[in-house]
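# Model the following, please.
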Amino acid sequence: MNFHDTKANTLFSTYELGPLKLKNRFVMPPMTRSRAVEGGVPNPLAPEYYAQRAGAGLIITEGTQVSQQGVGYVRTPGIHSKEQVEGWKKVTDAVHKAGGKIFLQLWHVGRISHADFHDGKPPVAPSAIAAEGKTWTQEGQKDFSTPRALEASELPGIVEDFRRGAQNAKDAGFDGVEIHGANGYLLDQFVQDGSNKRTDNYGGTLENRLRFPLEVVDAVVKVWGADRVGYRMSPYFAAHSMSDSDPLATFSQLTDELNKRKLGYIHVVDAPKNAQRISPVLRELFDGTYIVAEGFDAETASDAIMRDEADLVAFGKPFISNPDLPDRYKNNAKLAEWDMATFYAPGPKGDVSGYTDYPSLG
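Have a look, this model is predicted:
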């Protein structure tokens with residue numbers, strides 16, 4: 001495809017995301033790289049890693065824990081300590097110097113964790129239901145631990161963790177934040193009825209299941225203003241033992257509530273090859289910026305924008321191996337292949353390989 005024609009140029013046109021002017025419609029989405037150093041501080045190479053990819057219209061960081069309770073994987077960064085904030089300041093400075101815009105993703109994994117991260121105590125969740133699967137700990141892969149159900153009295157404290165994380169992200173110089181409500185993590189666990197079996201005001205009815213995630217949204221919006229806050233959701237996600245009896249109704253209502261709050265964007269992990277797509281329905285319900293992710297290339301992304309199915313499109317793995325991905329697409333250049341063996345550190349080739357050593361064109 002000739003990416004200089006009118007159709008394809010939509011992907012390269014500027015876009016106004018609230019008060020921010022993005023240079024193009026490319027989004028680098030959150031991608032866990034497991035390279036944080038002691039104390040959940042971003043790797044010293046993280047500023048270079050993110051700055052290399054500042055050609056994206058918008059970068060969203062890897063999932064970043066709002067508290068120690070939110071940790072579920074080894075070597076993932078946080079945003080709840082002074083040292084972490086200082087580490088992220090170096091990242092935002094580097095990205096801004098390179099002409100980019102960057103949001104931080106606020107994350108709490110809930111039950112997708114192991115007791116090793118919590119002094120031998122179980123992780124937390126809406127209900128005491130274990131998810132199938134494994135996580136990486138300091139001692140290698142282990143099955144997810146069975147969580148304990150959170151007391152209703154604990155939930156305001158977690159809302160405060162998100163609020164504090166949002167404020168810390170502001171102090172670290174980010175342009176905004178994205179709330180991680182996808183992929184079977186804590187907020188998603190409250191939303192979907194397969195993981196939420198509560199009988200109090202935070203479970204049962206759809207209104208009740210949405211209550212806690214929306215309390216988080218409201219707290220974060222008070223810090224940033226709605227136009228600099230995004231929310232990620234994954235209506236089709238079936239890993240981590242996630243399920244819902246009526247995903248269309250569930251995610252439509254969630255989207256409607258986010259729309260009422262005039263959120264800056266929603267970021268939907270789409271399923272473009274799924275005949276029973278929910279994403280087009282959500283697009284109609286949401287008046288703000290609509291970001292889609294999952295398996296797009298330049299041609300399908302341009303088509304989605306031309307058909308008004310999305311405003312921005314996220315490209316995941318291609319951004320790992322192609323730090324200058326927009327330029328490569330614009331120049332019809334060959335894409336570099338990624339090496340999955342080095343996605344997460346330490347890999348067989350060490351910490352640097354597969355992180356900052358993928359070359360740009362020229």
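# quick one: the strands in the stretch 101-250 of the chain?
Using DSSP state E, counting those that start in this stretch, the strands assigned to the stretch 101-250 of the chain run over residues 102-107, 124-125, 134-137, 140-143, 148-149, 176-180, 229-233.
# can I get these in JSON lines with mean pLDDT, mean neighbour count and distance to T255?
Glycine gets a C-beta too; all of them are placed from N, C-alpha and C. Compiled in JSON lines, the strands of the stretch 101-250 of the chain are given as follows (pLDDT from 0 to 100; neighbours: other C-beta atoms under 10 Å; distance: least, C-beta to C-beta, whole Å):
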{"stretch": "strand 102-107", "mean pLDDT": "99", "mean neighbour count": "28", "distance to T255": "19"}
{"stretch": "strand 124-125", "mean pLDDT": "98", "mean neighbour count": "24", "distance to T255": "23"}
{"stretch": "strand 134-137", "mean pLDDT": "94", "mean neighbour count": "16", "distance to T255": "29"}
{"stretch": "strand 140-143", "mean pLDDT": "94", "mean neighbour count": "11", "distance to T255": "33"}
{"stretch": "strand 148-149", "mean pLDDT": "98", "mean neighbour count": "16", "distance to T255": "27"}
{"stretch": "strand 176-180", "mean pLDDT": "99", "mean neighbour count": "29", "distance to T255": "14"}
{"stretch": "strand 229-233", "mean pLDDT": "98", "mean neighbour count": "27", "distance to T255": "8"}
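# K330: which of those strands is closest?
Minimum separation from K330 across these (C-beta to C-beta) falls at strand 102-107, 21.2 Å.
# So which elements touch that closest one?
Under the contact definition 3 or more C-beta pairs under 8 Å, 6 or more residues apart in numbering; DSSP states H and E, strand 102-107 sits against strand 58-65, helix 82-97, helix 155-171, strand 176-180.
# Any chance you could list what contacts the shortest one?
Which is strand 176-180. If you take C-beta atoms under 8 Å, 6 or more residues apart in numbering as the criterion, strand 176-180 is touched by 18, 20, 30, 60, 63, 103-108, 162, 165-166, 169, 187, 213, 216-217, 220, 224, 228-232, 264, 267.
# Which helix runs longest in the chain?
When the chain is parsed with DSSP state H, its longest helix is helix 206-224.
# Buried deepest among the helices and strands packed on strand 102-107, which one?
Of those, the one with the most neighbours on average (mean count of other C-beta atoms under 10 Å) is strand 176-180, at a mean of 29.
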